[in-house]
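[1] Test case, fold it:
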Amino acid sequence: MSLRESLLDEFAGDLEYHPRRAILYLSLGMAALGFWLLSPSDAKFTVMPLVFCLGSLTLLVKGIFLFRRSSEGLGLSERELANLSDPSHRKNFPSITNQFARILQDFGTGAFLLWPLLNFGENIDHSWDNPPRLSVFIAGTTLFFLGLLLRRLTCDKGSSGKS
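    This next block holds a predicted model:
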């Protein structure tokens, strides 16, 4: 598997239509966004609330994709897409521990990939002269790779390593 295929599998590999998981992702995304919104105004733009804010964005977006039937084939080749309708080729639902690891990885993806959005906050509020870009990036990277490690350790025996 090439690096491109591996990254595509990590970011878009489990976007099959699943309303229960979508509700879970949307609920956790709203809770994380609520944490940021309810943070005191003097602490709202520190590392932890910003990680929760950016993590909530990825959980909310993934929750929306999990509600869409058409997102199930995202990231698949044409042959895999043709085999998608066959029930024997569908992915098994991962275990609870594997789901937790995936949620942790997706939450960390927000700060890992969206930290450049902090530059827009600096442009909007000129009093915010030193956003914690590096700290947010490191926290997101740590959560992403911790989720990836937990996912690899808890992958189901019957699956091929994909969840």
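[2] make it CA atoms for all contacts and neighbour counts henceforth
    Fine.
[3] Contact partners for residue 43?
    residue 49 (Cα atoms under 8 Å, 6 or more residues apart in numbering).
[4] at 10 Å what do you get?
    The contact partners of residue 43, by Cα atoms under 10 Å, 6 or more residues apart in numbering, come to 36, 49-50.
[5] Between these, identify the one with the most neighbours.
    Among the contacts of residue 43, residue 50 has the most neighbours (other Cα atoms under 10 Å), with 25 neighbours.
[6] wait, that residue sits on residue 116?
    No: using Cα atoms under 10 Å, residue 50 makes no contact with residue 116, being 11.9 Å away.
[7] Now do the shared contacts for the two.
    With Cα under 10 Å, 6+ apart as the test, residue 50 and residue 116 both reach 133, 136.
[8] Residue 26 and residue 36, how far apart?
    15 Å (Cα to Cα, to the nearest Å).
[9] sorry, back to before: narrow the contacts of residue 43 to those in helices?
    Among the contacts of residue 43, DSSP state H puts 36, 49-50 in helices.
[10] would you turn those into a markdown table with distance to residue 42 and pLDDT?
    Converted to a markdown table, the ones in helices among the contacts of residue 43 look like this (distance: Cα to Cα, whole Å; pLDDT from 0 to 100):
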| residue | distance to residue 42 | pLDDT |
| --- | --- | --- |
| 36 | 12 | 92 |
| 49 | 11 | 92 |
| 50 | 12 | 90 |
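[11] Among those residues, which one lies nearest to residue 141?
    residue 50 (13.8 Å; Cα to Cα).
[12] Let me see the contact set for that closest one.
    Taking Cα under 10 Å, 6+ apart, one finds 33, 35-36, 43-44, 56, 110-111, 115, 118, 131-133, 135-136 in contact with residue 50.
[13] one step back: redo the contacts of residue 43 as CSV? Include distance to residue 153.
    As requested, the contacts of residue 43 are exported to CSV (distance: Cα to Cα, whole Å):
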residue, distance to residue 153
36, 31
49, 29
50, 29
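[14] how about the helices of the protein, start to end?
    3-12, 19-37, 47-67, 78-82, 96-114, 118-124, 133-153.
[15] Mind listing what's buried along the third one?
    Applying a neighbour-count criterion of 16 or more other Cα atoms under 10 Å, the buried positions in helix 47-67 are 47-60, 62-67.
[16] between it and helix 133-153, how many degrees?
    50 degrees (axes from the mean of the first three to the mean of the last three Cα atoms, to 10 degrees).
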